[in-house]
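[1] for reference, the sequence and a predicted model appear below.
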Amino acid sequence: EVNCKVDLMGVTIMVDYLKTMYSFSTSVQINEQQIKLAPTEIRDINDRRASLSGSINHKYFKNFTANLALNNLHDFQLLNTKSTDNDLFYGTAYADGDMTLTGPFTDLLMDAKFTAKAGTVVNIPLSTTFTDGEDGLIHFVNKDTVKTLNQYKRSGSISGFAIKCMMHVTPKAELNIVMDEQQGDKIRGRGQGDILLELTRTGQFNMYGEVEVNEGDYAFTAMNLFTKKFTLKPGGKITWTGDPFGGQMNIVGAYNVRTTVADVVATATNAEREMLKQQRVPVECLLYVKGSLLNPDIKFDMNINDINGSLPGNTISELQNNMRIWRSENDLMVQQVISLLLFGRFTPTNIQNSTGPANLTAGVNNTLSGFVSSQATNFIQRIIPGFDLNVDYHTGNESVRGRSIVTGTKRVFDNRLEIQASFDPINTYQNFLTQYNLTRDGSIKAKAFSRAQLDPIYNRNINTNGVGLYYRKEFDTFKDLFKSKKK
């Protein structure tokens with residue numbers, strides 16, 4: 001026969017899946033059938049308190065079954081994870097509410113109803129960031145290590161444990177849909193709604209419900225240089241019907257700028273054009289994002305405000321006609337919006353042209369940042385024909401800061417001579433490269449270069465200059481490397 005009382009003093013536990021820590025002191029009554037907790041006050045890391053009560057039933061210390069309740073939560077911490085802890089969601093969460101933990105230890109169910117409180121910031125990452133190393137002479141590709149989207153991990157690490165959590169979302173809580181964490185490409189929103197969070201006993205994580213956005217923004221980085229934000233309009237919605245990555249968005253963002261319309265009024269006289277250059281008209285650039293979180297459809301539009309009171313009648317008529325043309329040929333609208341975003345002005349009508357429908361689908365590896373960057377590059381190439389502009393972003397880590405490399409390339413003599421210059425806007429590194437293809441296929445090149453880089457030992461910039469010959473051959477096996485081509 002067992003009948004005893006155990007006092008537990010200063011106990012601290014950590015819920016590994018949530019990375020939250022709690023402390024309590026209590027008395028436990030133990031007999032052959034039950035382990036009963038005295039009513040207990042439990043505290044989180046911020047000394048917020050809740051009431052824990054209940055018992056664990058058993059049969060001579062076998063076949064344990066829980067019947068526990070955590071009540072009267074107020075601003076209680078329920079989540080404290082980082083991006084490295086969970087590939088489905090991470091952040092901090094505080095809530096009011098109640099929860100129970102019931103069932104046999106092999107089949108536990110956590111059933112909870114919470115209301116999100118101030119300080120809650122939950123992030124849902126939609127991509128995994130891979131850091132590129134420095135350029136090498138030989139690159140080996142292992143196809144078995146390449147992950148497809150369908151292979152992306154979508155389940156938790158807990159088996160035999162289920163969660164059913166109804167979360168009432170309030171404007172005090174913040175939700176971030178992270179497209180690209182390194183570049184800060186994300187949708188941030190606050191709103192209200194109800195979401196059912198479900199972790200099945202097999203480890204599958206599901207989300208159900210809808211959140212209506214009250215306020216927020218869509219931040220993105222164009223060409224890895226210009227950071228811009230579309231302010232979200234109230235009324236947008238994000239809906240989940242199971243798969244957390246299969247959520248559906250329907251949101252509208254606005255970016256406001258004041259600019260001249262002189263560049264897009266072709267019929268203006270010289271005197272009228274000079275007058276228009278002095279006027280700044282408010283323009284609202286609109287971003288429509290609809291569809292899947294992983295692969296949304298993106299559409300641009302704009303409103304030119306207050307034109308009836310500040311511009312001549314013939315100018316208004318031409319602007320309205322231009323708007324009709326831009327809306328009927330969407331790629332022209334894209335060019336104008338991107339020009340306003342990056343340069344704060346319209347694209348002149350003598351530069352703008354239709355180059356075919358723009359691809360307005362932003363997936364995991366084709367975010368709004370990537371789309372705007374590619375369109376901006378195309379725009380610059382139309383201004384300077386034959387000139388290639390590219391911007392590469394090198395991700396950083398705790399000790400090395402991320403950096404952007406801007407590269408301009410010009411090819412002449414039937415593309416055999418290439419002149420390239422690149423620089424780092426932050427560290428002011430400048431590199432120059434001239435290379436000439438000695439063979440038609442470019443396998444043998446003559447090169448001359450000047451390269452700037454940081455000396456990690458002396459922490460100073462050093463320049464390296466040189467000339468040389470370059471030979472390149474692609475091969476699948478080392479045997480192919482020494483095999484001559486058959487005529």
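    Thanks, I have it.

[2] just the helices in the stretch 151-300 of the chain please.
    Assigned by DSSP state H, counting those that start in this stretch, the stretch 151-300 of the chain shows helices spanning 270-278.

[3] tell me the contacts of the closest residue to residue 164 other than its chain neighbours?
    Leaving aside its chain neighbours, residue 164 sits nearest to residue 111 (5.0 Å; criterion: C-beta to C-beta, 6 or more residues apart in numbering). All C-beta spots, glycine's among them, are computed from the backbone N, C-alpha and C. Residues in contact with residue 111 (C-beta atoms under 8 Å, 6 or more residues apart in numbering) are 99-100, 102, 164-165.

[4] from those residues, pick the one nearest residue 31.
    Closest approach to residue 31 among these (C-beta to C-beta): residue 102, at 20.3 Å.

[5] so which residue is dead centre in the chain?
    For the chain, residue 179 is the residue whose C-alpha lies nearest the centre (C-alpha atoms, centre = their mean; 2.0 Å).

[6] toward the C-terminus from the one helix or strand residue 112 maps to, list the very next helix or strand.
    Counting by DSSP states H and E, the element that carries residue 112 is strand 108-116. For strand 108-116, the succeeding helix or strand toward the C-terminus, using DSSP H and E, is strand 121-125.

[7] residues in contact with that following strand?
    For strand 121-125, contacts defined as C-beta under 8 Å, 6+ apart pick out 79, 83, 87-93, 173-178, 181, 186, 244, 293.

[8] let's see it at 7 Å
    Under the criterion C-beta atoms under 7 Å, 6 or more residues apart in numbering, residues 83, 87, 89-93, 174-178, 181, 244 lie in contact with strand 121-125.

[9] of these, the lowest pLDDT goes to which?
    Ranked by pLDDT, the contacts of strand 121-125 bottom out at residue 181 (72).

[10] can you give me the neighbour number for residue 63?
    Using other C-beta atoms under 10 Å, residue 63 is surrounded by 11 other residues.

[11] how about it: what's its closest non-neighbour residue?
    Nearest residue to residue 63, sequence neighbours excluded (C-beta to C-beta, 6+ apart): residue 104, at 6.8 Å.

[12] next one: residue 199
    Using C-beta to C-beta, 6+ apart and skipping residues adjacent in sequence, the residue nearest residue 199 is residue 163, 4.0 Å away.

[13] now the one you found: how far from residue 238?
    Look at residue 163 and residue 238: by C-beta to C-beta, to the nearest Å, they are 21 Å apart.

[14] more neighbours: these two, which one.
    Comparing residue 163 with residue 238 by other C-beta under 10 Å, the one with more neighbours is residue 238, at 24 against 19.

[15] what number of residues lie near the residue nearest to residue 63?
    The tally of other residues near residue 104 (other C-beta under 10 Å) stands at 14.

[16] now swap in residue 477 and tell me
    The number of residues packed around residue 477, counting by other C-beta under 10 Å, is 7.

[17] on that earlier part again, drop anything exposed from the contacts of strand 121-125.
    Listed as buried from those are 89-93, 174-178, 181, 244; burial here means 16 or more other C-beta atoms under 10 Å.

[18] strands - which of these land there?
    90-93, 174-178 (DSSP state E).

[19] circling back to that earlier point, pretty sure the residue nearest to the centre of the chain sits against residue 186.
    Yes: Residue 179 is within contact range of residue 186, at 5.9 Å (criterion: C-beta atoms under 7 Å).

[20] the closest residue to residue 297 other than its chain neighbours pairs with what?
    Among residues not flanking residue 297 along the chain, residue 291 sits closest, at 4.7 Å (C-beta to C-beta, 6+ apart). Per DSSP bridges, the residues bridged to residue 291 are residue 249, residue 296.

[21] now do the contacts for residue 291.
    248-249, 297.

[22] which of these ranks first by neighbour count?
    Ranking the contacts of residue 291 using other C-beta under 10 Å puts residue 249 first, with 20 neighbours.

[23] ok, it touching residue 293?
    Yes: the criterion here is C-beta under 7 Å, and residue 249 meets it with residue 293 at 6.2 Å.

[24] which residues are in contact with each of those two?
    Residues touching both residue 249 and residue 293 (C-beta under 7 Å, 6+ apart): none.

[25] picking that back up, rebuild the ones in strands among the buried ones among the contacts of strand 121-125 as JSON lines, extending it with distance to residue 212.
    Shown next, in JSON lines, are those (distance: C-beta to C-beta, whole Å):
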{"residue": "90", "distance to residue 212": "23"}
{"residue": "91", "distance to residue 212": "20"}
{"residue": "92", "distance to residue 212": "22"}
{"residue": "93", "distance to residue 212": "19"}
{"residue": "174", "distance to residue 212": "14"}
{"residue": "175", "distance to residue 212": "12"}
{"residue": "176", "distance to residue 212": "16"}
{"residue": "177", "distance to residue 212": "15"}
{"residue": "178", "distance to residue 212": "20"}
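
[26] residue 21: which of the residues you listed is nearest?
    Once C-beta to C-beta is applied, the member of those that ends up nearest residue 21 is residue 92, at 12.9 Å.

[27] you'd agree the closest one is up against residue 116?
    No: Residue 92 is not in contact with residue 116 according to C-beta under 7 Å; the separation is 10.9 Å.

[28] check the gap between residue 174 and residue 28 for me.
    Per C-beta to C-beta, residue 174 is found 39 Å from residue 28.

[29] ugh, typo on my part, it should be residue 173
    To residue 28, residue 173 is 36 Å away according to C-beta to C-beta.

[30] for residue 333, same thing?
    When distance is defined by C-beta to C-beta, residue 333 is 68 Å away from residue 28.

[31] of these two, give the one with the bigger neighbour count.
    Taking other C-beta under 10 Å, residue 333 and residue 28 do not tie; residue 333 has more neighbours (21 against 16).

[32] residues of the one helix or strand that one maps to that come out buried?
    Remark: residue 333 resides in helix 330-343, with elements defined by DSSP H and E. Buried residues in helix 330-343, defined by neighbour count with 16+ other C-beta under 10 Å: 330-342.

[33] check stretch 316-328 too.
    Buried, per 16+ other C-beta under 10 Å, within stretch 316-328: 316, 318-319, 322-323, 326.

[34] export these to CSV and tack on pLDDT and distance to residue 19?
    Shown next, in CSV, are those (pLDDT from 0 to 100; distance: C-beta to C-beta, whole Å):
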residue, pLDDT, distance to residue 19
316, 83, 59
318, 87, 60
319, 88, 55
322, 89, 54
323, 90, 51
326, 91, 49
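
[35] can you flag which of those residues belong to helices?
    For the buried residues of stretch 316-328, the ones inside helices are 316, 318-319, 322-323, 326, with DSSP state H as the criterion.
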